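1. one predicted model, sequence on top.
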Amino acid sequence: MTFSHSIKSFDELTNHEMYAMLRLRSEVFVVEQNCPYQDLDNKDQKGFHLLYCVDNELAGVTRLLPKGISYQEISIGRVVIAQTHRGLGLGVKLMEASITGCEEKFGKGAIRISAQYHLSKFYQSLGFAEQGEVYDEDGIPHISMLRA
């Protein structure tokens, strides 16, 4: 297996990359999680997109946003791994590449995420700490987390 990733601004994404990214997000966030919500929120154009591939096939994506778009801090969101590529340890690889990508694009600083609560321990292993109380986001328990 070969692993690779690229980080691109919205304008740098090809039509095929954009389609694959949005399709993956829809497959997981809308269909698999049975959660109709507005994925296209006008933030994609303001950030960068990390496309993570296994053997040249899109396996995961994240969205990297500068301060002031979603939160006062830099943020990572729309974290998703294709169902066909789970169990390969890609979650850690994807998030480590995303953290490094944030530092490269926005400089070092605190990073905030809105994590599905059942993944809190996973994100804690990457240096994120829970902030505040659990809240409902589109019918799924979430928690705000910060990596200082």
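-> Cool, the structure landed.
2. in this structure, which spans are helices?
-> Along the chain, counting by DSSP state H, helices occupy 15-25, 90-106, 120-124.
3. ranking the ones you listed by burial, who's on top?
-> Greatest average neighbour count among the helices of the chain goes to helix 90-106 (a mean of 18), per mean count of other CB atoms under 10 Å. Where C-beta positions appear, they are placed from N, C-alpha and C, glycine not excepted.
4. and that one, what does it pack against?
-> strand 3-9, strand 48-54, strand 57-65, strand 74-81 (3 or more CB pairs under 8 Å, 6 or more residues apart in numbering; DSSP states H and E).
5. can you lay out those as a markdown table showing mean neighbour count and mean pLDDT?
-> Listed next are those as a markdown table, based on neighbours: other CB atoms under 10 Å; pLDDT from 0 to 100:
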| stretch | mean neighbour count | mean pLDDT |
| --- | --- | --- |
| strand 3-9 | 15 | 97 |
| strand 48-54 | 21 | 97 |
| strand 57-65 | 22 | 97 |
| strand 74-81 | 23 | 97 |
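6. a markdown table for those strands, including distance to Gln116?
-> Listed next are the helices and strands packed on helix 90-106 as a markdown table, based on distance: least, CB to CB, whole Å:
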| stretch | distance to Gln116 |
| --- | --- |
| strand 3-9 | 22 |
| strand 48-54 | 18 |
| strand 57-65 | 14 |
| strand 74-81 | 9 |
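7. for stretch 45-63, the distance to its chain's centre please.
-> On the basis of CA atoms, centre = their mean, to the nearest Å, stretch 45-63 sits 9 Å off its chain's mean C-alpha point.
8. may I see the buried residues of stretch 29-37?
-> Within stretch 29-37, the residues that count as buried by 16 or more other CB atoms under 10 Å are Phe29.
9. roughly how far apart are Gln45 and Arg112?
-> 20 Å (CB to CB, to the nearest Å).
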